[in-house]
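K.L.:
Build the 3D model from these lines:
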Amino acid sequence: MISFDQFIPNDHSPIYQQIILYIKQGIAAGTIRDGDEMPSRRVLSALLGVNPNTVQKSYKLLEEEGLISSTPGAKSCVVINDEITAAIRDDLLDSHARTAVAAMKQMGVSKDEALAALARLWAEI
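P.N.:
Here you go, the predicted structure:
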């Protein structure tokens, strides 16, 4: 079963989007694999302290993206392959990099300064 022990909610986006991002990041990192069981909607809503409809919305969107499969009255499981994993990883990398680059450009940071900061932080973290 997928653990949400490392899930840290923030105030920057709706919780249903954060749940989806958490699953996608787990897929990209390889910690969530094909066939892994999702917690039930009720269990996850209790664990995160959110409305069950919020969890339902995230599961519905994950189903629409084809990342989980749910059967009424049964378990929901992750449904991915190497191609899907690579696409998710590429999308997340582009999204996070685009956000960072846009912020640095707004601050007037040069490409060389940005790359130096990235190299420094990469070594620290």
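
K.L.:
Quick check: which ranges of the chain have low pLDDT?
P.N.:
Judged against pLDDT under 70, the chain has no low-scoring part.

K.L.:
Name the residue closest to the centre of it, please.
P.N.:
L21 (2.0 Å; CA atoms, centre = their mean).

K.L.:
tell me how far the ends of stretch 66-76 are from each other?
P.N.:
12 Å (CA to CA, to the nearest Å).

K.L.:
in that stretch, what counts as buried?
P.N.:
Judged by neighbour count (16 or more other CB atoms under 10 Å), stretch 66-76 contains these buried residues: L67, I68, S70, S76. Just so you know, the C-beta spots here come from the backbone N, C-alpha and C atoms, and that holds for glycine as well.

K.L.:
which secondary structure element contains the residue lying closest to V109 once chain neighbours are set aside?
P.N.:
What sits nearest to V109 in space, not counting adjacent residues and going by CB to CB, 6 or more residues apart in numbering, is A117, at 7.6 Å. Using DSSP states H and E, A117 falls within helix 111-124.
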